[in-house]
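Enquirer: Can you look at this prediction? I've put the sequence above it.
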Amino acid sequence: MQTTQLKTPLIYSEATPEKELIASAAFGNDEAFEMIMRRHNRLLFRTARSILNSDTEAEDALQEAYLRAWQALPNFRLEAKLSTWLVQIVVNEALGRLRRKSAQIIPLDTTINSSDPEVQASLMDKSDQQPERFAMRAQLRKIIEAHIEQLPDLYRTVFVLRAVEELTTQEVALALKMPEATVRIRYHRARSLLRASLANDIDITLDDAFSFDGARCDRIVNAVLARGKSLHFPRKRGPIDQELT
């Protein structure tokens with residue numbers, strides 16, 4: 001997980017065993033729970049982001065999920081994996097937000113029959129013609145064109161004629177004066193090469209998807225710790241503490 005420099009010296013570090021952090025945080029220790037959050041922030045943010053499709057909503061969901069987790073930590077079973085338990089809480093929080101959002105959607109018939117000019121204008125709006133869609137398609141087209149240009153000469157022309165110009169195999173064979181079987185083989189090999197090169201780019205870029213910078217990590221941690229002051233934790237030694245001794 002990407003971590004940032006802590007603002008204050010802590011008695012806990014990246015090397016502190018997870019069980020020790022859990023045992024302390026379960027009794028309300030902010031520093032222990034801060035370390036837990038910083039260890040799992042990126043994983044959990046990406047989980048929420050994948051469901052909610054919004055950075056802002058994902059941050060809000062993550063904060064709520066952390067508070068739920070912190071409050072429930074005294075009941076956490078140490079034989080379970082903490083990251084899995086936290087992911088489950090984040091998923092439930094994110095899905096709950098989606099359900100509440102869906103419940104607020106105005107029925108389609110009501111929308112279609114509305115006399116509100118803004119509503120009617122939105123119905124006439126075609127998302128495919130929105131500027132950001134044009135920009136996205138233009139960027140995607142450039143990426144695909146760059147990969148097609150990298151195809152070996154042997155395959156590139158066949159691929160362009162078959163896939164881009166949509167000529168039939170027979171037409172390509174006639175145009176390039178080669179057997180139809182050769183056209184089929186080169187076309188399929190070109191597609192395989194193109195698919196592999198695009199997949200390689202995706203793999204390289206995937207690690208940067210929904211980037212989780214230090215500022216976001218600090219923002220989430222500070223918000224949870226501030227709201228966590230109102231939480232109530234057990235004062236007596238509980239099952240977790242006893243298990244550690």
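Expert: Cool, the structure landed. Numbering: from 1, shown residues only.

Enquirer: mind listing what's buried in the longest helix belonging to the chain?
Expert: Across the chain, the helix with the greatest residue count (assigned by DSSP state H) is helix 180-206. Across helix 180-206, burial judged by 16 or more other Cβ atoms under 10 Å covers V183, R186, Y187, R189, A190, L193, L194. For the C-beta atoms, the positions are set from N, CA and C on the backbone; glycine is no exception.

Enquirer: For F27, which non-adjacent residue is closest in space?
Expert: Distances taken as Cβ to Cβ, 6 or more residues apart in numbering put F233 closest to F27, at 5.3 Å, once the chain neighbours are dropped.

Enquirer: what mean pLDDT does the host helix or strand of K142 have?
Expert: Element membership of K142 [criterion: DSSP states H and E] is helix 131-149. Mean pLDDT, computed over helix 131-149, is 84.

Enquirer: Output the contacting helices and strands for the helix or strand following it.
Expert: Using DSSP H and E, the helix or strand that follows helix 131-149 in sequence is helix 153-159. If you count contacts as 3 or more Cβ pairs under 8 Å, 6 or more residues apart in numbering; DSSP states H and E, helix 153-159 packs onto helix 131-149, helix 169-176, helix 180-206.

Enquirer: What segments of the protein are helices?
Expert: Under DSSP H, the chain gives helices at 18-25, 30-52, 55-72, 82-103, 108-112, 117-124, 131-149, 153-159, 169-176, 180-206, 214-228, 239-244.

Enquirer: so which of those comes closest to Y12?
Expert: Of all the helices of the chain, helix 30-52 sits nearest to Y12, with 4.5 Å by Cβ to Cβ.

Enquirer: Using CSV, write out every CA atom in the closest one.
Expert: Output of helix 30-52 as CSV, limited to C-alpha atoms (Å, rounded to 0.1, in the frame of the first residue of the first chain):
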residue,chain,number,x,y,z
ASP,A,30,-6.0,6.3,17.4
GLU,A,31,-2.4,5.6,16.4
ALA,A,32,-2.9,1.9,16.0
PHE,A,33,-6.0,2.5,13.9
GLU,A,34,-4.2,5.1,11.8
MET,A,35,-1.6,2.5,11.0
ILE,A,36,-4.3,0.0,10.0
MET,A,37,-5.9,2.6,7.7
ARG,A,38,-2.6,3.6,6.1
ARG,A,39,-1.8,-0.1,5.4
HIS,A,40,-5.1,-0.7,3.7
ASN,A,41,-6.2,2.7,2.3
ARG,A,42,-5.3,2.1,-1.4
LEU,A,43,-6.8,-1.4,-1.6
LEU,A,44,-10.0,-0.2,0.1
PHE,A,45,-10.3,3.0,-1.9
ARG,A,46,-9.9,1.1,-5.2
THR,A,47,-12.6,-1.3,-4.0
ALA,A,48,-15.1,1.4,-3.2
ARG,A,49,-14.1,3.3,-6.4
SER,A,50,-14.8,0.2,-8.6
ILE,A,51,-18.4,0.1,-7.3
LEU,A,52,-19.3,3.8,-7.1
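
Enquirer: What are the buried residues along it?
Expert: Residues 30-42, 44-49, 51-52 are the ones in helix 30-52 that count as buried (16+ other Cβ under 10 Å).

Enquirer: Same check on stretch 53-61?
Expert: Buried residues in stretch 53-61 (16+ other Cβ under 10 Å): E57, A58, E59, D60, A61.

Enquirer: I'd like the helices of the chain written out as CSV, with distance to I11 added.
Expert: Output for the helices of the chain, formatted as CSV (distance: least, Cβ to Cβ, whole Å):
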stretch, distance to I11
helix 18-25, 9
helix 30-52, 6
helix 55-72, 18
helix 82-103, 19
helix 108-112, 56
helix 117-124, 55
helix 131-149, 48
helix 153-159, 61
helix 169-176, 71
helix 180-206, 36
helix 214-228, 16
helix 239-244, 16
